[in-house]
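1. Coordinates for the following, if possible.
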Amino acid sequence: MTSIINFRVISGAYNEAPLCYLLEIDDFTFLLDCGWNESFNPADLAALEPHCPDIDAVLISHQDLMHFGGLPYAISKFGLDCPIYGTDPVIEMGILNLYDAVGARTDQEDFTVFTLDDIDNIKSKCEHVKYSQSTPLKAPGITITAYPAGHMLGGAIWKITKEPEELVYAVDYNHRRERHLLGAPLDTMLRPTLLITNAIHAAREAVARKDLDRQLSSRIISTLRSDGSVLLPTDTSGRVLELIQVLNDMWGSKVDGSIGLGVYPIFVLNYCPLTVVDKARNFVEFLSDRLFKDKDDPFALRHVRLVGALDEVLQWPGPKVVLASLESLVAGFALELFLRWASSPKNCIIFTDRPPVGTLGRTLCDNPNPGTIEVVHKTRTALQGDELADFRRQERDRRLAERAARDADLLESDEEEKEEEVQAKTLQRHDIMAEEAGAAKPIFKRQTRTYPMFAIAEEKPIVDDYGEAIRPEDFASGDGSIVTSTVHVPAKETDAEAAPMEVDQDANRLVEPSRYMQTTVTLKVESPIYYMDFEGRSDGDSMLKILANVRPQQLILVHGSEQDTQHLLGQCNADIVAPERLHAPAVGGSVSVTLEKFIYKARLKDSLVSSLTFARVQDQELAWIDGTISAEGGSVPVIDAVQQKKLLGHHSVFVGNVRLSEFKAALQKAGIEAGFQRGMLVCGDSVAIRNDESGALLVEGPLCETYFNVRALLYQQFAIV
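-> Prediction:
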């Protein structure tokens, strides 16, 4: 039976904003991606909050912030509580992306939008899936299947199935094979009920991959030979893996221009580079088989150094190539290197992906000759002098206050335990056979023999967190007082006011007390800036060919600039999809893509449901309703029962489709002879069944026993309501 399908845009339509959409199939609601960008502005996710209680499942297509970044905030602040489905690389690498983004922001400002614990909470809700593995959901009849999307490691095209509908969600896909990824098989998913896809790059022409590699190699080599360094702002765990393979192969090439590149180091600089590469090495089934053609371990990177601190790069003298996060230049190591290198014409900056709109990275990418610019630079500096002394004094007062509160709580709990022991030992009556004063004596003699019982004050042992009993006498001195000890740590100046060092658990290093500073840097950009398309997305011509081959019954276009969206809308002709079934809703808009018309959703009151008589048709149940419709349910109307005296009744409705050939078998099974004569099914000697011009079944013959038996058997083939 046809389902009611609605699609709503939360973010990512007629623009390149993060992707976030709602897909409703009957009573089941999917959240398709939950993206955010490096700005982490809560206002960008505000439209999602009212829908979170109704979401039943989340499907994540890629691991970058544009698809994954909003999950920790939605879970911790909006109460999103449902399974999150994604492939192993998408979930693992997505969490690393968030770690890196939070690390970059924390090093430059007091970042409190969400915490590392909020990121870790994502893991408890994740359901890992594999490619081509059908996963049934809690809603009856709904299954999801992930297919390779290209673009990023583990990226997924999602197919949602609920018979007879098939819905495909394919965004940021790449049909071409790359060094470490397979191409997307979208062109094999023919005639889906609904295809949701993006319009980004719809107006862009394809460039051969060999030409791109040649351009990148030429720019990098010429800069290094001129005693300059190259900065490539990248993401943390997505497209950076392809760039690592490109540069590693370039350094190992025997081409004349590449000989001697080994003297120039390649650095991958972010907060978790080793973890990213180690995890990528383990996701063998998601990698291209080409990667293992000539090497057992494609991530045994001979020419690439993985570092997690800026000093490790700066202490290396001479020209170098650095792949640093974040690509938007909002924060992170890429911004620090840009501020240091951009004023020298010897260096160059190469963007391989277009950063989010409104960021410094996107401004430079769109305008590679900006001249003099102003950059807001936020830094974290160690406290010194009076500021450090004030901080230590406040920390000492805080610790003393916490200790006093803790001691008061322990004293109060000890007093409560003593009171309970006193009450238990001073019970007035111990024998449960004692009789109440003035109570009437029983007439009959007791048959059951009972025994006296006495109250026991059970002493509860005091134990530590590990169950070990705490014996105060073990800590007592000769005079009975409790012994305390103090460990003295030598210091250069004042021991009493020394403040504890803050421990950075992620970097496993001590961080001195510090404060955040913000300055405006005026920078004259002398370094040449280039953009080269290593985004790993399909171009406009390829997208049209894929759509023409798939030919979806309905098509929804999302995520693309207004120019790209309008271009693709104009290119989608009737050979791809009918004009009335081509949709491109704006942000906040929704569209109903239910194939059948005159299907509506309504809520039935309990009093009405209890009075209905249902007839079963295959796996569905039908009932006739006489009721009144009201709008008290808000957007969903409510149907209530009609008073019995006002009911007018209705003609019976026969639901189902009966074929004469199938009905013939049913007649013979019931012992009634039947056969076809001149297009009619003749039953016995006197009754005939035929189809009229409208397709309805007509039963003809005299009113005899055979007639009534045939009609009764025919009625059984339908659901009658």
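2. for this structure, what's the longest helix?
-> With secondary structure taken from DSSP state H, the chain has its longest helix at helix 385-425.
3. So which elements touch that helix?
-> Other helices and strands packing on helix 385-425, by 3 or more Cβ pairs under 8 Å, 6 or more residues apart in numbering; DSSP states H and E, are absent; none qualifies. Where C-beta positions appear, they are placed from N, C-alpha and C, glycine not excepted.
4. can you give me how far that helix is from the chain middle?
-> 43 Å (Cα atoms, centre = their mean, to the nearest Å).
5. Also stretch 268-286?
-> Remark: stretch 268-286 is offset 20 Å from the chain centroid, using Cα atoms, centre = their mean.
6. what about that stretch, start to end distance?
-> Taking Cα to Cα, to the nearest Å as the measure, stretch 268-286 stretches 22 Å from start to finish.
7. in it, what's buried?
-> Judged by neighbour count (16 or more other Cβ atoms under 10 Å), stretch 268-286 contains these buried residues: 268-273, 275-277, 279-280, 283, 286.
8. okay, these in JSON lines with secondary structure, distance to Gly385 and pLDDT next?
-> JSON lines is the format used below for the buried residues of stretch 268-286 (DSSP: H, G, I helix; E, B strand; the rest coil; distance: Cβ to Cβ, whole Å; pLDDT from 0 to 100):
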{"residue": "Val268", "secondary structure": "strand", "distance to Gly385": "38", "pLDDT": "95"}
{"residue": "Leu269", "secondary structure": "strand", "distance to Gly385": "32", "pLDDT": "95"}
{"residue": "Asn270", "secondary structure": "coil", "distance to Gly385": "33", "pLDDT": "93"}
{"residue": "Tyr271", "secondary structure": "coil", "distance to Gly385": "30", "pLDDT": "92"}
{"residue": "Cys272", "secondary structure": "coil", "distance to Gly385": "34", "pLDDT": "92"}
{"residue": "Pro273", "secondary structure": "helix", "distance to Gly385": "36", "pLDDT": "91"}
{"residue": "Thr275", "secondary structure": "helix", "distance to Gly385": "38", "pLDDT": "92"}
{"residue": "Val276", "secondary structure": "helix", "distance to Gly385": "40", "pLDDT": "93"}
{"residue": "Val277", "secondary structure": "helix", "distance to Gly385": "42", "pLDDT": "92"}
{"residue": "Lys279", "secondary structure": "helix", "distance to Gly385": "44", "pLDDT": "92"}
{"residue": "Ala280", "secondary structure": "helix", "distance to Gly385": "46", "pLDDT": "91"}
{"residue": "Phe283", "secondary structure": "coil", "distance to Gly385": "50", "pLDDT": "91"}
{"residue": "Phe286", "secondary structure": "helix", "distance to Gly385": "53", "pLDDT": "92"}
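9. Please identify which pair of those residues lies farthest apart.
-> Among these, the pair separated by the greatest distance (Cβ to Cβ) is Leu269 and Phe286, at 24.7 Å.
10. if we can go back for a sec, could you dump the buried residues of stretch 268-286 into JSON lines and include distance to Leu681?
-> Putting those into JSON lines (distance: Cβ to Cβ, whole Å) gives the following:
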{"residue": "Val268", "distance to Leu681": "76"}
{"residue": "Leu269", "distance to Leu681": "80"}
{"residue": "Asn270", "distance to Leu681": "75"}
{"residue": "Tyr271", "distance to Leu681": "77"}
{"residue": "Cys272", "distance to Leu681": "74"}
{"residue": "Pro273", "distance to Leu681": "76"}
{"residue": "Thr275", "distance to Leu681": "72"}
{"residue": "Val276", "distance to Leu681": "70"}
{"residue": "Val277", "distance to Leu681": "72"}
{"residue": "Lys279", "distance to Leu681": "67"}
{"residue": "Ala280", "distance to Leu681": "67"}
{"residue": "Phe283", "distance to Leu681": "61"}
{"residue": "Phe286", "distance to Leu681": "58"}
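11. Out of the residues you listed, which comes closest to Gln566?
-> Distances from Gln566 to the buried residues of stretch 268-286, taken by Cβ to Cβ, are shortest for Phe286, at 34.9 Å.
12. Burial check on Leu360, number of neighbours?
-> Using other Cβ atoms under 10 Å, Leu360 is surrounded by 19 other residues.
13. Repeat that for Gln553.
-> Around Gln553 there are 16 residues (other Cβ under 10 Å).
14. does it count as helix, strand or coil?
-> Secondary structure assignment for Gln553 (DSSP: H, G, I helix; E, B strand; the rest coil): coil.
15. The one 10 residues further on now?
-> Gln563 carries the three-state label helix when classified by three-state DSSP.
16. What's the local residue count around the residue nearest to it when sequence neighbours are not counted?
-> Using Cβ to Cβ, 6 or more residues apart in numbering and skipping residues adjacent in sequence, the residue nearest Gln563 is Ala203, 6.0 Å away. Ala203: 17 surrounding residues under other Cβ under 10 Å.
17. wouldn't Ala203 be in contact with Thr565 here?
-> No. The pair Ala203 / Thr565 is not scored as a contact, 9.6 Å apart, by Cβ atoms under 8 Å.
18. nearest residue to Tyr73 other than its sequence neighbours?
-> Among residues not flanking Tyr73 along the chain, Phe114 sits closest, at 5.2 Å (Cβ to Cβ, 6+ apart).
19. Next, the contact list for the one you found, please.
-> Phe114 makes contacts with Phe40, Pro72, Tyr73, Ser76, Lys77, Val102, as judged by Cβ atoms under 8 Å, 6 or more residues apart in numbering.
20. What is the neighbour count of the fifth one?
-> As a burial measure, Lys77 scores 15 neighbours (other Cβ under 10 Å).
21. what does the first one give?
-> Other residues within reach of Phe40 by the criterion other Cβ under 10 Å amount to 20.
22. The fourth one too?
-> Using other Cβ under 10 Å, Ser76 is surrounded by 17 other residues.
23. What strand or helix carries it?
-> helix 71-77 (DSSP states H and E).
24. The helix or strand that comes right after that helix - contacts with which helices or strands?
-> Going down the chain from helix 71-77, the next helix or strand is strand 84-87, by DSSP H and E. The helices and strands touching strand 84-87, judged by 3+ Cβ pairs under 8 Å, 6+ apart, are strand 57-59, strand 126-129, strand 142-148.
25. Mind listing residues that contact strand 84-87?
-> Outside strand 84-87, the residues that touch it by Cβ under 8 Å, 6+ apart are 57-60, 63, 71, 91, 94, 122, 125-131, 135, 144, 146, 154-156, 286.
26. ok now do Pro319, which residues does it touch?
-> Thr223, Leu224, Asp227, Gly228, Ser229, Val230, Tyr264.
27. Can you tell me who the residue nearest to Cys572 when sequence neighbours are not counted pairs with across the strands?
-> Once flanking residues are discounted, Cys572 sits nearest to Leu582: 5.6 Å by Cβ to Cβ, 6+ apart. Residues in a beta bridge with Leu582, per DSSP bridges, are Leu555.
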